[in-house]
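[1] need a 3D model of the sequence below.
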Amino acid sequence: MTKTTVKLQIPFESLLDAIANLPLEEKHQLWQFLNEEINQSEGNLLQEDYYDWGSQGQPKDKPVEYIPGVGLTVVGGKNAPT
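    Alright, predicted model coming up:
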């Protein structure tokens, strides 16, 4: 038996309605699937968003953290104490 792949475009609101009507067990399965997809995507972002600090390395004045979808951000904002 061969597998056939079909690509559909479903409006987001329709998708949310369909999810709302799933039985609880299927919602848990969907949550597990989405959680794995999110973790994999965030891992890929970390690899893609590598920042080269140069020969000096990361500045020690202000701490930064990586925020998925945003990038490197100064912890506490640009006016954070050093």
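[2] any idea which helix is longest in the chain?
    For the chain, the longest helix by residue count, based on DSSP state H, is helix 24-48.
[3] after that one, next one along is what?
    For helix 24-48, the following helix or strand on the C-terminal side (DSSP states H and E) is strand 64-67.
[4] in that next one, what counts as buried?
    Using 16 or more other CB atoms under 10 Å as the burial criterion, none of the residues of strand 64-67 qualify. Using the backbone N, CA and C atoms, a C-beta is placed for each residue, glycine as well.
[5] excluding its backbone neighbours, what's nearest the residue nearest the centre of the chain?
    Nearest to the mean C-alpha position of the chain, by CA atoms, centre = their mean, lies residue 42 at 4.2 Å. Nearest residue to residue 42 in three dimensions, chain neighbours excluded: residue 68, at 4.8 Å (CB to CB, 6 or more residues apart in numbering).
[6] domain-wise, how is this structure divided?
    10-48, 52-82 (automatic domain parsing).
[7] for those, which has the smallest mean pLDDT value?
    With a mean of 72, domain 52-82 has the lowest mean pLDDT of the domains of the chain.
[8] which elements pack onto the longest helix of the chain?
    Helix 24-48 sits against no helix or strand, with contacts defined as 3 or more CB pairs under 8 Å, 6 or more residues apart in numbering; DSSP states H and E.
[9] format the domains of the chain as TSV; extra columns: distance to residue 3.
    Output for those, formatted as TSV (distance: least, CB to CB, whole Å):
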stretch	distance to residue 3
domain 10-48	18
domain 52-82	32
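[10] ok, which of those comes nearest residue 2?
    domain 10-48 (23.7 Å; CB to CB).
[11] in that closest one, what's buried?
    Result for domain 10-48 [16+ other CB under 10 Å]: no buried residues.
[12] quick one: distance of that domain to the chain centre.
    11 Å (CA atoms, centre = their mean, to the nearest Å).
[13] quick check: residue 1 vs residue 36, distance?
    Per CB to CB, to the nearest Å, residue 1 is found 26 Å from residue 36.
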